[in-house]
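Peer 1: based on what follows, work out the 3D shape:
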Amino acid sequence: MVISLLAEEPLRFSAIRARIGPVTAKVLTAALRNLERDGFVARSEHPGPPRSVHYGLTGLGRTLLPAVALAVTWAHDHLGAMLDAQEAYDREHARPGRTEPR
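Peer 2: This next block holds a predicted model:
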């Protein structure tokens, strides 16, 4: 998800987090660090005030864009089947008296 968000332009941490949706800062920080370590994302600090940090794709990261686009297309094409599978699983694994799966 982060790779596709950075396809157009570098983004600040808060912009990435806002576009991804519900994710903790800790989890997003770990994901960005791993992507940076793997050479897919570059972190750049801009002195302030206010100080800001931007994340952008590297050349290596850009090579992932076609694969990410295929995965997004696949997910879109199979969303209904995935939701059906989730509902069936939740029904099968629900505890009596609970509305959510264990």
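
Peer 1: scan the protein for its longest helix.
Peer 2: Criterion DSSP state H: the longest helix present in the chain is helix 65-93.

Peer 1: per-domain residue ranges of the protein.
Peer 2: Under the assignment automatic domain parsing, the domains of the chain span 1-62, 64-102.

Peer 1: mean pLDDT lowest for which of those?
Peer 2: Ranked by mean pLDDT, the domains of the chain bottom out at domain 64-102, with a mean of 88.

Peer 1: which positions within that one qualify as buried?
Peer 2: Neighbour counts over domain 64-102 (16 or more other Cβ atoms under 10 Å) mark residue 64 as buried. Just so you know, the C-beta spots here come from the backbone N, C-alpha and C atoms, and that holds for glycine as well.

Peer 1: ditto for stretch 35-43
Peer 2: Buried residues in stretch 35-43 (16+ other Cβ under 10 Å): 35, 40, 41, 42.

Peer 1: out of these, name the ones that lie in strands.
Peer 2: 41, 42 (DSSP state E).

Peer 1: take the buried residues of stretch 35-43 and write them to JSON lines, including distance to residue 27.
Peer 2: JSON lines is the format used below for these (distance: Cβ to Cβ, whole Å):
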{"residue": "35", "distance to residue 27": "13"}
{"residue": "40", "distance to residue 27": "17"}
{"residue": "41", "distance to residue 27": "15"}
{"residue": "42", "distance to residue 27": "20"}
